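*Asks:* Have a look at this fold, sequence not included:
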């Protein structure tokens, strides 16, 4: 070697390093400067109850970002629209997260009542059986309230109506989905179909989901993963295809079966018509012990002849 | 006074390296133990209640920092303090400075122990340490760099062996990556923070653990096999390949977030190009090992090094594969990635560091290992434990990614992961037991007064 090898090498290392720093660290800082978007978090949503900015510090301190992400991807169902670059302008340090051991929290605000969030932080398994989230019962009242306030600001009160979508093969836009909709002749919006579906529900679903559809049927006692409570306002966002998809293919990891093996397509559409009527306008939470055991009488709506016999033509009024 | 000075800032040859080694093993027990504890909480989330220090996220921060900054980094510095003087055929520039760094680094780890378990974090993954600890780490890294550079400057051989290239390169760029990556005193808007965060998060692996680890492999494998390195030209190609392609890959951790597309493209392309240095490095090792694989049957340190090279191959085949957009689309956010991280840090680099410790400690202390049976037990516990952990995490990751891809709510299928959490906790027990055997063996080797004839030379110089 001619004696310059070592020096040339040193110059090489140094210049390589600085070129890389320039291209991947400095250039993004200069070229990539998104403007704040409408949906950025301004931490105002629940400011009257607690301090969401302090709550964010609790979120960081308790390391929530190791298991919860704060960005939605194209393929994510149920977590809201795709995030924009401007959503993150005020997020320092960033809480994008790397792993989803728990659900994504981008649009967590307003998904559950604050009392629920608090109960969930204190003992997650009390409100979500089977959850593996650690209990944060050691947080004092102030920390807990601020943290819940912060969680309620996530998504900045984004109002999302249709963000749960069934897979492509259930949508009209694909040939398979189009054929499915061609075959469908049930009007899922009519009371008649809903009543037809109620019988199917009672026979096939009520054992787990309960007659009141609150997820408290007799079988639910023995299930680790409790059946869904269809009276929750959350289910208002389900469209027909989503209901049909869930009923047909079941839910992996639970005892919910694939009803496409049990019910015909027509029966499933009738069932969808009934399921659509179940979600209530407000979340019903039980806050007293004596409400737990209370049996509610089964109320059946008054039915016209047309509703009893949906296929009879309904022209005999 | 000078007695006290010699006790705490010893000038004895090899003392800095030895003290760093002992500290590394001490912190490894804490770090791996915390990982085991956290893995048990995955299986049984109600294991402890109302103790914030034992909350899973706090244990996780401490686990990551203790094994990276404590065990691996301190062990790497110990190896450099032994290997650099040997390759330069002289002494370490200043043992006193080395010992001072050792104390500073231990103080840093004590600070990390006290802060991270209480959640005093900056909230940036892999850069959790607070401002004061960041400054201490930066100063300690700079003193290590100065010490090694001065040793190389006073070397008695003209040519630099490839290990020295790797060590010098790492010590040049890692302090800078560390200082840039901590973002202690800068507050960048969210996504820029994420870009720099992953520049750091990936490069602490790529430009410190990989480069120093490969340097150690280049040192150890020819030593064990008593064979010359297959090709010095290939080793240079591998070094420059890593220097070029590793640094810009960080953005592949946030491929689906709204960061600029050109940055993602750079990250994905350079991730794939990483196969070039990986294959050059491993070709070099395997060709050096040619015809000598049988030696691994008797020579346990060599077996650790061989295992490390094989896990390095596995990790680096997996890395570019999962950095491509469509694979990333499927497996991002899942435990698959956690398995990959353990394959790199535990499988590849912890094994090579262990091999280095088995090689160095007799040469630093002039004593033979207390028990080869314990070494064998350590190897099998760690090897099998690691494989179980890797496969349980990978399969759990595939279950999770199927759940995400099909759009099922996470709380509906999280129950199906319990068997994998359980198996992972079992593998954690095996790994921690192996590490405990290792530390006990080292403790007996160093501190038990035993009259033995010294067979290993203190500094065996053969380049």
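*Replies:* Received it, and whenever you're ready, just let me know what you need. Everything numeric in this text was worked out from a predicted model, so none of it was measured.
*Asks:* What's the first helix or strand after the helix or strand containing residue B:339?
*Replies:* Element membership for residue B:339, per DSSP states H and E: helix B:335-342. As assigned by DSSP H and E, the chain's next helix or strand after helix B:335-342 is helix B:351-365.
*Asks:* now for that next one, which elements pack on it?
*Replies:* Other elements packing on helix B:351-365 under the criterion 3 or more Cβ pairs under 8 Å, 6 or more residues apart in numbering or on different chains; DSSP states H and E are helix B:15-43, helix B:73-88, helix B:210-225, helix B:300-323, helix B:372-406, helix B:418-447. Bear in mind the C-beta positions are built from the backbone N, C-alpha and C, glycine included.
*Asks:* tell me the angle the next helix or strand after the second one makes with helix B:15-43.
*Replies:* As assigned by DSSP H and E, the chain's next helix or strand after helix B:73-88 is helix B:95-116. Between the direction of helix B:95-116 and that of helix B:15-43, the angle (axes from the mean of the first three to the mean of the last three Cα atoms, to 10 degrees) works out to 20 degrees.
*Asks:* out of the helices and strands packed on helix B:351-365, which comes closest to residue B:198?
*Replies:* With Cβ to Cβ as the criterion, residue B:198 lies closest to helix B:300-323 of the helices and strands packed on helix B:351-365, at 11.9 Å.
*Asks:* Run through the helices of the stretch 101-250 of chain B in chain order.
*Replies:* Using DSSP state H, counting those that start in this stretch, the helices of the stretch 101-250 of chain B run over residues B:131-153, B:162-182, B:190-204, B:210-225, B:232-245.
*Asks:* what's the closest of these to chain A?
*Replies:* helix B:190-204 (3.0 Å; Cβ to the nearest Cβ).
*Asks:* now check that closest one, is it near chain A?
*Replies:* Yes - counting by Cβ under 8 Å from any Cβ of the partner chain, chain A is contacted by helix B:190-204 at B:190, B:191, B:192, B:193, B:194, B:195, B:196, B:197, B:199.
*Asks:* Next, the buried residues of stretch B:148-165.
*Replies:* Residues of stretch B:148-165 classed as buried by neighbour count (16 or more other Cβ atoms under 10 Å in any protein chain shown): B:148, B:149, B:151, B:152, B:155, B:160, B:161, B:162, B:163, B:164, B:165.
*Asks:* what about stretch A:208-226, start to end distance?
*Replies:* 8 Å (Cα to Cα, to the nearest Å).
*Asks:* Looking at that stretch now, give me its mean pLDDT.
*Replies:* For stretch A:208-226, mean pLDDT is 83.
*Asks:* Distance from the chain centre to that stretch, please.
*Replies:* On the basis of Cα atoms, centre = their mean, to the nearest Å, stretch A:208-226 sits 20 Å off its chain's mean C-alpha point.
*Asks:* Would that stretch count as contacting chain B?
*Replies:* Yes - using Cβ under 8 Å from any Cβ, stretch A:208-226 reaches chain B at A:224, A:225.
*Asks:* Could I get the buried residue list for that stretch?
*Replies:* Buried, per 16+ other Cβ under 10 Å, within stretch A:208-226: A:208-210, A:212-217, A:220, A:223, A:225-226.
*Asks:* now, which of these lie within helices?
*Replies:* Among those, the members found in helices (DSSP state H) are A:208, A:209.
*Asks:* what's the farthest-apart pair in the buried residues of stretch A:208-226?
*Replies:* Farthest pair in the buried residues of stretch A:208-226, by Cβ to Cβ: A:212 and A:225, 19.3 Å.
*Asks:* Would you check how far apart the residue nearest the centre of chain B and residue B:345 are?
*Replies:* Centroid-nearest residue in chain B, with Cα atoms, centre = their mean: residue B:72, separated by 4.1 Å. Computed as Cβ to Cβ, to the nearest Å, the residue B:72 to residue B:345 distance reads 7 Å.
*Asks:* Could you pull up the contacting residues of residue B:292?
*Replies:* Counting by Cβ atoms under 8 Å, 6 or more residues apart in numbering or on different chains, residue B:292 makes contact with B:225, B:227.
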